[in-house]
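Colleague: what follows is a predicted structure for the sequence shown.
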Amino acid sequence: MNLCTDELAVRLLDPARLLSVTWLSQDARISNVAAQARRMPPNRGFAEEIVGFRPDLVIAGRYTTRMTVALLQRSGVPVLDLDVPVDVAGMEKQIGDLSILLGEEVRGQKLLSGIERRLAAIPQIPDKEKPGAIVLKPNGFTVGRGSLVDDILTRAGLRNLAAEQGLERYGQVPLEIIADARPDILIVDGEPGDGRTLAFEILNHPLLKHLPLHIVRLPSRLWTCAGPGVVDAIALLSRAAIDVRKERRGS
Amino acid sequence: MRACPHAALLVLLGSLTALLLAASIAVGYAPLDIAQAARDWLHGDMSLPALVLSELRIPRAVLGLTVGFTLGLTGAAMQGFLRNPLADPGVIGVSAMAALGSVIVFYSGLAGAFLLALPLGGITGAAVAVILLYALAGRGGSTTTLVLAGVAISAFAGALTSLALNLSPSPYAAMEIMFWLMGSLAERSMLHLELAVPLMFLGWCLVLSTAKDLDALVLGEDTASSLGVHIPGLRLRLVAGTALSVGSAVAVAGAVGFVGLIVPHLLRPLTGHRPGRLLLASGLGGASLTMAADIAIRLLATRPELKLGVVTALIGAPFLFGLIYRLRREGP
């Protein structure tokens, strides 16, 4: 009943064992497994629909559809509440634990070894030469220490300037502070938006066009969930980090 | 209270506005050497300080000034024309309708189609509200009628704004209702300024041109007519001026309440109770109040930032209570 737990379920379970995913997982803009998810009926996380599927187990995210989870638990439907990992190691542990619980150890091991192999291939950058980066999400939010995205940045060979400024987890930053931190790379959500929300307006602020920085567009489906998509995000950022470092040496 | 010489009052308010404008530019989130930034900017050197000054600080401060001026000015003009102490773009729903107009244009994607669409949406909304109000409550109508009409318009516009945002495909839209209903100057840019200020200015000119007629109107409509005041023309200028300035202000800064209510009341005794004189003074006062509120927001530095309308409402609501209390005591 959650975009992130859906992805894990789709990747780990034999398709025949999965009854339904959320409608969000069928949207290719935000889901990494939209193609597979479209083959099964969607749900919107309402208790009535879920009971109708007569599931043996409902997998829910720790912070979403709380009313439904409470209702299901009261009516005796087994619910597994998955926590939201805050780093890559936590994500790997979650995949491992879940695959054992679901009796899909083989698929789990395959998924994990793929992740490990790709992580090992990410080139290392010496600390001194790491480019500084700031994440700018819609509405001017950024991520600091102790968050999955911080771990993604670090593993990609970037310094998260927001974390260095003491920001914990998740918060809003004024553009002034961003400009003042002089980042080499600004990481923004992949879709520039259709100009129809204020949330994206900040990403189009003229100030950003004048600052000497690289803007990296990272599709949000790669870093919204603690799932295998994270590895793609790390690889993408790592390439940007290497480019910037080269350019800096050249100049 | 003694009416001080009008010129002195205007000079005083003007200096206060200038002072607050400077303070608003000086206050920010990151330390900034203003002198250095200004030097770089004038030399065409787009250094970091120059960028922060020209792309963030100045647009924000000037927008605070112009939006505040609009609200103070139109509040005074509406109070003068309707002879009603509670007339204010925020209280009687003009801002809410302007927000609705802007929201419809913005979230339907029209705003991307041509540049002026956003302020035009705001202006249309504001115009509908002003015309509705004049039709419903009219001049010299009772305060109750006006406020009831305003409540109805506000509630209607607020509900439709919420509906429009809910229908928007973007998951962020629904959260943005705060901006439209409370207003904010955060992270506005030169683009917003260029979009709204010329239209606001046009509206100011129209409203300010009514000063003499509003003074004459104090003597009653008949006397004013015999003094050469063309009432339908006056009404038209006020409607157009209010719609233009409030509509474009709301389109870029959201609906900031209470400024147009408080400021005219504070300044009225100082202008000898002449509605015409009150206009310019009230505009300057509105600009000062809005910039002061915006400075307070940045000094408090809550994350996420407080909405501008929250601060003005915190100041304005107790003031409104006081006003109602006084009206009750003085009333029949």
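Modeller: Okay, I see it. Numbering: from 1, shown residues only, chains lettered A, B, ... in the order given.
Colleague: which residues of chain B score low on pLDDT?
Modeller: Filtered on pLDDT under 70, chain B yields the residue ranges B:1-4, B:139-141, B:171, B:331-332.
Colleague: and residue A:41, how far from residue B:107?
Modeller: 31 Å (Cβ to Cβ, to the nearest Å). For the C-beta atoms, the positions are set from N, CA and C on the backbone; glycine is no exception.
Colleague: which one's more surrounded, those two?
Modeller: residue B:107 (23 against 13; other Cβ atoms under 10 Å in any protein chain shown).
Colleague: contacts only, for the closest residue to residue A:45 other than its chain neighbours.
Modeller: Spatial nearest neighbour of residue A:45, excluding adjacent residues (Cβ to Cβ, 6 or more residues apart in numbering or on different chains): residue A:65 at 4.1 Å. By Cβ atoms under 8 Å, 6 or more residues apart in numbering or on different chains, the contact list for residue A:65 reads A:1-2, A:45.
Colleague: what sits against residue B:75?
Modeller: B:87-89, B:259-261, B:263-264, B:282, B:286.
Colleague: tell me how many other residues crowd the closest residue to it other than its chain neighbours.
Modeller: In space, and not counting its chain neighbours, residue B:75 is closest to residue B:260: 2.4 Å by Cβ to Cβ, 6+ apart. The number of residues packed around residue B:260, counting by other Cβ under 10 Å, is 35.
Colleague: packing partners for whichever strand or helix holds residue B:260?
Modeller: Taking DSSP states H and E as the definition, one finds residue B:260 inside helix B:259-267. Judged by 3 or more Cβ pairs under 8 Å, 6 or more residues apart in numbering or on different chains; DSSP states H and E, helix B:259-267 is in contact with helix B:58-82, helix B:275-300, helix B:308-330.
Colleague: need the residues that contact that helix.
Modeller: Taking Cβ under 8 Å, 6+ apart as the rule, helix B:259-267 contacts B:9, B:13, B:68, B:71-72, B:74-76, B:78-79, B:85-86, B:88-91, B:278, B:281-282, B:285-286, B:289-290, B:312, B:315-316, B:319-320, B:323.
Colleague: what do you get for stretch B:113-131?
Modeller: Outside stretch B:113-131, the residues touching it (Cβ under 8 Å, 6+ apart) are B:89, B:92-106, B:110-111, B:153, B:157, B:195-196, B:199, B:238-240, B:242-244, B:246-252.
Colleague: would you show me how to pick out the buried ones of the residues you listed in PyMOL?
Modeller: Selecting only the buried entries of the contacts of stretch B:113-131 in PyMOL, with 16 or more other Cβ atoms under 10 Å in any protein chain shown as the criterion:
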select buried, chain B and resi 89+92+93+94+95+96+97+98+99+100+101+102+103+104+105+106+111+153+157+195+196+199+238+239+240+242+243+244+246+247+248+249+250+251+252
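Colleague: show me what secondary structure element comes after the one helix or strand residue A:70 maps to.
Modeller: Taking DSSP H and E as the criterion, residue A:70 maps to helix A:66-74. Sequence-wise, the next helix or strand beyond helix A:66-74 is strand A:79-82, with elements assigned using DSSP H and E.
Colleague: which strands or helices does that following strand pack on?
Modeller: helix A:3-12, strand A:58-61, helix A:66-74, helix A:88-101.
Colleague: next helix or strand past the helix or strand hosting residue B:180?
Modeller: Using DSSP H and E, residue B:180 sits in helix B:177-182. On the C-terminal side of helix B:177-182, the nearest following helix or strand under DSSP H and E is helix B:190-208.
Colleague: which of the helices or strands spans residue 149?
Modeller: Just going to use chain A. helix A:148-155.
Colleague: wrong chain, I was asking about chain B
Modeller: helix B:143-167.
Colleague: most tightly packed of the helices and strands packed on strand A:79-82?
Modeller: Each of these was scored by mean neighbour count; the highest is helix A:3-12, a mean of 24, by mean count of other Cβ atoms under 10 Å in any protein chain shown.
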